[in-house]
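Chemist: Structure here, sequence nowhere to be found:
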C-alpha cells in the first residue's frame, strides 16, 4: 500500500524507464509485448481500484475489457467512423458498468464475487451467441488500426497508461484514500461515520470500468481480434491473479504484474504445460505470503536503497517514546476546560431538551421478535443507560437508531425530526456510534481514523482544518500522544478510547456507546468516566449499553431495562436497577 | 427420441452431480464461512486419479476407493494447511486462497494427467434403459439414486447426530461453539472430509458417462455454487436446487440451444443472488 | 529502429546457437531459412496441433539430413497459440519478428482467420484447415479440400446409400459456425433433410443435442465438431446406445482422437477423409509410393503409423519445400504468391492453386472412410 503515496516524481522516473524498456535488450521483451503489457497494466489499474483499494471481489472485470472493443467494432461495421466508434464503445461500457455496479453493490462479498463472475459469463455467452454481429467464436476481426505503426501504438499505450496513473493518483489521494480504506476495512463502521458506502463503491466500480474500457478498446484494435473468451471468467480470474502477483492496492502493482506475465508468456512459450502450474503457485504464494505482491516484496529494499528519507507515511510506534500509551490521569482536567470551546463542541443546544425519541419501535427478524414497542426519550446533556441480559435487543435497538436496520414498526426522532427512513450515512453527522469491539482502520494513524469522520460530516472545511479539529478532539480525550500511531499498534483499551473519540468528533447530538467499559483497565475506566461527564457537559445525549452495572451506575442519569425485546423498566437509573423485575430478569441471568 | 423426456433424464443426471457438489460446498461453507472456489477440484482430482489408476491396471473398485479417498484428503489438507491456520483473516482473503488453490490444482493436474479428457469403465454395464421416449444409461440411474440417498443420509446426519448439531453450532458462532465444548478443529476436518467425499463420489459415478479433464473443476465449482446460493446455503435445499439447476440447464439447452445456456443460466444466477441477499448486508455482521 | 534490428540479429544468433544443439548439423556456415509454424499443442485442439507439429519437425530433420535446401539449413520455429485467436496473432507477430520467411498455420478456423490481416503484404502462409477459404488476393494458401468439398463427398455418399435425412451436431466455435453454413447451403440443394443441434465447446454431455437430432427417420449422424472435445459427442452417442453410423469431422481422423474414444466406439464410425489415408484409393502409383515412403519413414522415426493429420502436415511442408527449392526468392512475397498460383505442388496428391482459388484440393481428393479393425477403409454404404 505504501507505494501508492510515493511522490509523483518516482512514478515519472519509473515511467520513463518503462518507456525505454523495449530497447533495453531484454530477450523477448519486444515492442509488441510491451504494448500489450502497457494496455493490460491499464486494465489492471482499473481492477486495482475496486479489488486492491476497496477489497471488492470483482471477478468479472474482463467483461469490461472486452465490451468496448465489441461495441466499437460492431459500430464500425455499421458505418461509424473509427474514432466515434471507439468513443461510443468506451461510453457504453462505462454506462453498463454504472448499471451493473448499482445492481451488485449491495451484495455482500461472496455474492458480489459470484454476481460479477456471472456477468462475465453472460457477456462471453452473448458474444458467442450472436455471430452475425459479434463474429461469434471466430472472433471479431478489426480491419483498421494496425496501420499506424508499432511505435505509434507503443506511444499510445504508454500515454494511456500514464494518464491512468495520474487519474489513479488523483483518485486515491490522501483524504480519499482514508475514506476508501475505511470502506475496505469495515463497511458498517464506514457507514456509521457518515460514508455513503454504496455510492463510493458504485463510483469506484464505474471509474474502474473506464480504465478497463480504454485499455480494452486499445487492445482490441492493436491485437486486431476479439474473442468471446476475452470477456470470460477465466480471463477475469487471470487478471485478478496477475494483479495479485504484481501487488494489489499499490499503483505499481498492475504494471509489474502485467509486464511480468506478458513477458513470461513469451519466454515460457515452450514449456506450456508448466505455465499453469507456475501461475497457480505464484498466485497462491502471493495470497499467502506476499499480500502486496512483488511490489510489496520489493518496497522495503526500494526504501532502503533508493528512498532513504521516505516522508509522509505513518511509521507505527515511531513516536511511542514521547507519551506513554496510556494517557496519564493528570492530563484529564485539561479536557474539561477545552471541551466548552472550539468548533467541535455542541454548546448551542439548550440543556435538558429532548435529543432522541424512540417511539413504539418494533423489529422482527423472520419469526423472531427482537424488539417489541420500545419507547423512550433521551435529553441533551444526559447519560442514558440501556441495560438488559444478552439477547434483550440492545444491539438491535442501536442498529435501528443509527440506521443499520430499519424498524419493522415505530419511529425514531432526532430533535423532533423523523430519521428512521434516512440511510445510515445521512444520520452520521448527528449520531456518533462506538462499537463493542472498536472498529478502527489499521494502517491508518489514530489521527487519520478520527479525521475520516470529519471528512464526511465537515466536508466544507479544508483538509488542514479537519486535521486540526481532529487533533483538538484527541487532545480533549487525552490521546494526542497517540495521534501519529498506526492504530494497529494500540492496546485494546486505547482502541476503545480512540473509537469513542471518533464517535464524538464533530459534535453529534447523540452518541451511542456499545459496552464502552469492556476490556478497560481501572485507570482507563476512570478516564472513560470523566470523558462521559465531559460529553454530557457539552450537551451531548449519551446512550450507553453496558453490562458493568457498577460503572454504568456511576455515570448514568436515567435509563431503561430491556428484556426479550420489551421495556421492563424506565426512569431514574439508580431506582430502576433496584426494581424486583429487573433484578430477576437481569441479575438472575448474570448470576 | 423424445426431446422432453430426454431433457428430464439429462437434467436429472447433471442435477445429481450439482446436488452432491452443492451439498459439500454448503457443509464446508457453514463451518468456515468461506466459499471454497477449489471445491470442484475435488471432482476433477478424484475423476482423473481414478482414470489413471484404472489405466495403470488397478482393479476398478480399488481405483474408485482410492480416488474418493484422495479427494477427501485433498480438501481436508487444504483446510488444515491453508485455511484453518488463517481463520482470523478476512473472508475475502480466504476466498482468494481457495481460488489460488484451484489454479494450482489445475496446473498440477495438467502436468500429471495431460490435456486430454479421461474416463473409466462404468460400475453397471448393460444396454441403457428406454422409458417414455427417453434413454437413460444404467450408470446415470445409479448416479441419481445415489445422490438422493446421499442427500437424505447427510440430512439425517446433520439433523440427528451430535456431530451435525456441532457443525451447525460452529457455523452460527464459532467462538461460542468452542466455549460450549465443541471441538471446532475436528468439526472443520469432518466437514471438509465429507465435502471431498461427496465430490469424489460424484466423479466416481459421472466420469464413466462424461469424461473429465484438468479444467473441469471450475465449471463444477460454479454449478455447485449456483445451486448452493439458490438454496441460501442450506444443505437440504442445496440438493433440491442442484436438481432444479440441472433440469433448468437441460431445458434451456433443449429449447433455447447451447448458445443460450450460459447467458440464461447466469442471468438466473445473478437474479437469484440478488434475491437471496436482499436482506444480507455487511456480510451478515449487522445481525450480530 | 537500428537497435531493434541489432536486437533481432542477436536473438537470431542466440536461437541459432540453440538450434545447433538440437538437430541442425553444426557444419553449416550458411544462415538457416526460418519457417514459422503456429500449432495448438495444448488446449482443446491439441489433438490437431501436436501431430502436425511432429510431422513438420520430422520434415525439418529429413531436409537438413539431406543437406538442406540450396545449401542452407531449414529452421522451424514453433509458436503454440492454444487455438486462441489472440495468442495466434501474437504468435504471428513474434514469428515475423524472428525472421520467418514463410508461415505454416496448423491451428483451427478462428485463430487462422485472425492472423490473416497481419500478412496482407506477405509472407505466404499455408494452412490445412478446410474451413479457411482464402481470398485469391491474399497470401494465404489452403492445402485441403474446402469444407464445402468435403461435405459434397458426404452428400455423394448419402445419395449412394439412399439416405435422405441426417442429424448434424456442430460446435459453437468458428468451425461449427462454418459447418452450419455449409450444411444449410448444401443439404437442401441436394434434397437431404437435416436436424441440427449446437454444442458448447466446454460441454461434457451431448445427450440433449443427440436427442434433438436423432429423430426416428435419421439414419446417420454427422458431427462437424473438431478437436479432442468432439469425444464428448462420441461418448454420449455410446451412452445413449444409438445405432446409426456416426460421421466425424475431417480434423478428427487422427490416431490420437481414436485413442480418446477407444472405449466408446459407435457401431460404425465414419469420417470425412483424404484419399491418401487409404492409399489404395489413390489412382496414381507415384502418389501411392509417396504415401508409402512417408509412412515408412515416419514408422522408422516415431515407431508409429501415419494418420490424416500427418498427411495434412505433409501437404504443408511439401508446399514450403517446393517454394524453397523451385520458387522465387522468399524476400519477394508477391513473386512467391504468383509462382504458387501457377505451379502445381507435388505432395502425396498434387495440389493445384490458381489466381482464382487458393484452395489446393477439391472434392475428388476426399472420401468417406470407415474405421474398422484398427484402420481406416473406404466406407461401404449405409444399410
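Modeler: Perfect, I can see it now. Here the structure is a predicted model, which means the values were calculated and not measured. Residues are numbered from 1 along each chain as shown, chains lettered A, B, ... in the order given.
Chemist: gap between the residue most central in space within chain A and residue A:200?
Modeler: Using Cα atoms, centre = their mean, the residue of chain A that lies closest to the mean C-alpha position is residue A:183, 1.7 Å off. Between residue A:183 and residue A:200 the computed distance is 5 Å (Cβ to Cβ, to the nearest Å). Any C-beta I mention is one placed from the backbone N, CA and C, and that applies to glycine too.
Chemist: can you list residues touching both of the two?
Modeler: Here residue A:183 and residue A:200 have residue A:54 as joint contacts, going by Cβ atoms under 8 Å, 6 or more residues apart in numbering or on different chains.
Chemist: Relative to the whole chain's centre, how far out is the one helix or strand the residue nearest to the centre of chain A maps to?
Modeler: Remark: residue A:183 resides in helix A:174-185, with elements defined by DSSP states H and E. Taking the mean of its C-alpha atoms, helix A:174-185 sits 5 Å from the chain's own mean (Cα atoms, centre = their mean, to the nearest Å).
Chemist: Could you list every helix and strand in contact with the very next helix or strand once past it?
Modeler: Elements were assigned by DSSP H and E; along the chain past helix A:174-185, the next helix or strand is helix A:187-192. In this structure, helix A:187-192 packs against helix A:174-185, helix A:197-223, helix A:424-427, with contacts taken as 3 or more Cβ pairs under 8 Å, 6 or more residues apart in numbering or on different chains; DSSP states H and E.
Chemist: and if we set it to 10 Å?
Modeler: In this structure, helix A:187-192 packs against helix A:174-185, helix A:197-223, helix A:394-402, helix A:424-427, strand A:431-434, helix A:446-457, helix A:492-504, with contacts taken as 3 or more Cβ pairs under 10 Å, 6 or more residues apart in numbering or on different chains; DSSP states H and E.
Chemist: Kindly provide the whole-number mean pLDDT of the third one.
Modeler: Mean per-residue pLDDT for helix A:394-402: 86.
Chemist: swap in the last one?
Modeler: Throughout helix A:492-504, pLDDT has a mean value of 84.
Chemist: In that helix, which residues are buried?
Modeler: Neighbour-count burial for helix A:492-504, with 16 or more other Cβ atoms under 10 Å in any protein chain shown as criterion, is recorded at A:493, A:494, A:495, A:496, A:497, A:498, A:499, A:500, A:501, A:502, A:503, A:504.
Chemist: Distance of residue A:578 relative to residue A:553?
Modeler: Taken as Cβ to Cβ, the span from residue A:578 to residue A:553 is 10 Å.
Chemist: Between the two, which has more neighbouring residues?
Modeler: The residue with the greater number of neighbours, taking residue A:578 and residue A:553 and applying other Cβ atoms under 10 Å in any protein chain shown, is residue A:553; the counts read 15 against 10.
Chemist: give me every residue that touches that one.
Modeler: When contacts are counted by Cβ atoms under 10 Å, 6 or more residues apart in numbering or on different chains, residue A:553 is found next to A:385, A:387, A:546, A:559, A:573, A:574, A:577.
Chemist: you'd agree the fifth one is up against residue A:555?
Modeler: Translated: residue A:573. Yes. In this structure residue A:573 lies within contact range of residue A:555 using Cβ atoms under 10 Å: 9.0 Å.
Chemist: Common neighbours of those two, please.
Modeler: Residues touching both residue A:573 and residue A:555 (Cβ under 10 Å, 6+ apart): A:383, A:385.
Chemist: can you tell me the distance between the two ends of stretch B:122-140?
Modeler: Terminal residues of stretch B:122-140 lie 10 Å apart, using Cα to Cα, to the nearest Å.
Chemist: what is the rounded mean pLDDT of that stretch?
Modeler: Per-residue confidence for stretch B:122-140 averages out to 85 on the pLDDT scale.
Chemist: tally of neighbours for residue 115?
Modeler: Let's take chain A. Other residues within reach of residue A:115, judged by other Cβ under 10 Å, total 28.
Chemist: switch to chain B, that's the one I care about
Modeler: Taking other Cβ under 10 Å as the criterion, the count of residues near residue B:115 is 21.
Chemist: can you tell me the helix or strand for it?
Modeler: With elements delineated by DSSP H and E, residue B:115 resides in a region that no helix or strand encompasses.
Chemist: For it, report the pLDDT, please.
Modeler: In the prediction, the pLDDT value recorded for residue B:115 is 75.
Chemist: Quickly note the distance from it to residue C:42.
Modeler: Residue B:115 sits 6 Å away from residue C:42 when distances are taken as Cβ to Cβ.
Chemist: Ramachandran angles for residue 172?
Modeler: Let's take chain A. Comment: the main-chain dihedrals of residue A:172 come out as phi -110, psi 30, following degrees, to the nearest 10.
Chemist: My question was about chain C, not that one.
Modeler: In this entry, residue C:172 is assigned phi and psi values of phi -90, psi 10 (degrees, to the nearest 10).
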